[in-house]
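Asks: can't give you the sequence, but here's the structure:
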């Protein structure tokens, strides 16, 4: 029991620093979401329960309008699939990493947001740290950050009055930092070049509202085709 406790604590200490940047962004956005729910006429319990059970930031903002409008379950389902379709690609990418994690796998699948995926996929986990517990704590901490932010926004929303315009850029800036860190770690930048090139091409062809799914589909195919080359990334070209 003592050895298991040590393993869990070590994984937590290793995972926590990776989530600190997420904490800042999630609290800003979570509080904004809670305030938005409050001014839309919902009690604080709504953002608390929704952030705890849905845990999909973009969809939670959209859900406010769905709750205020007429009941259309099929429309809600279609919109949810469209907004969160990128998670299909996340799931495919994490098949190998989630293998062997036991009961934690269910929560890892449920709690996989953009930020948790980015950390769990790119983090260099030390060999003496349990991989399953590391990913579990990354996912759990990010979930708690969003939940507590949304809860605080819902509770104190009626007392706070400030302009929240531009807060959503916090997450964009965070992803830029993650991309730059990954770029600096790699000796070759094939995957980054593929991602940037395909995204820009699909953006030009399909437009800003519809480029995400085509881009991720093409990226998945190309990276699968280039898998052998990418796995030799530690060898100098």
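Replies: Great, that's in hand. Quick caveat: nothing in here was measured; it's all calculated off a predicted structure. Numbering: from 1, shown residues only.
Asks: gap between the spatially most central residue of the chain and residue 85?
Replies: By CA atoms, centre = their mean, the chain has its centre lying nearest to residue 114, at 1.8 Å. Distance, residue 114 to residue 85, using CB to CB, to the nearest Å: 13 Å. Every C-beta, even on glycine, is put in place using the N, C-alpha and C of the backbone.
Asks: from residue 121, how far out is residue 200?
Replies: The spacing between residue 200 and residue 121, counted by CB to CB, is 22 Å.
Asks: brain fart, residue 215
Replies: For residue 215, the distance to residue 121 - CB to CB - is 17 Å.
Asks: swap in residue 65?
Replies: Noted for residue 65: a distance of 32 Å to residue 121, by CB to CB.
Asks: which SSE is immediately downstream of the helix of greatest length in the chain?
Replies: The longest helix of the chain (DSSP state H) is helix 2-39. Remark: after helix 2-39, the chain's next helix or strand is helix 45-53, criterion DSSP states H and E.
Asks: the helix or strand following that following helix packs against which elements?
Replies: Later in the chain than helix 45-53, the nearest helix or strand by DSSP H and E is helix 57-68. Other helices and strands packing on helix 57-68, by 3 or more CB pairs under 8 Å, 6 or more residues apart in numbering; DSSP states H and E, are helix 2-39, helix 45-53, helix 73-83.
Asks: separation between the residue nearest to residue 41 when sequence neighbours are not counted and residue 46?
Replies: Once flanking residues are discounted, residue 41 sits nearest to residue 68: 7.9 Å by CB to CB, 6 or more residues apart in numbering. Look at residue 68 and residue 46: by CB to CB, they are 11 Å apart.
Asks: got it, and residue 87?
Replies: Noted for residue 87: a distance of 23 Å to residue 46, by CB to CB.
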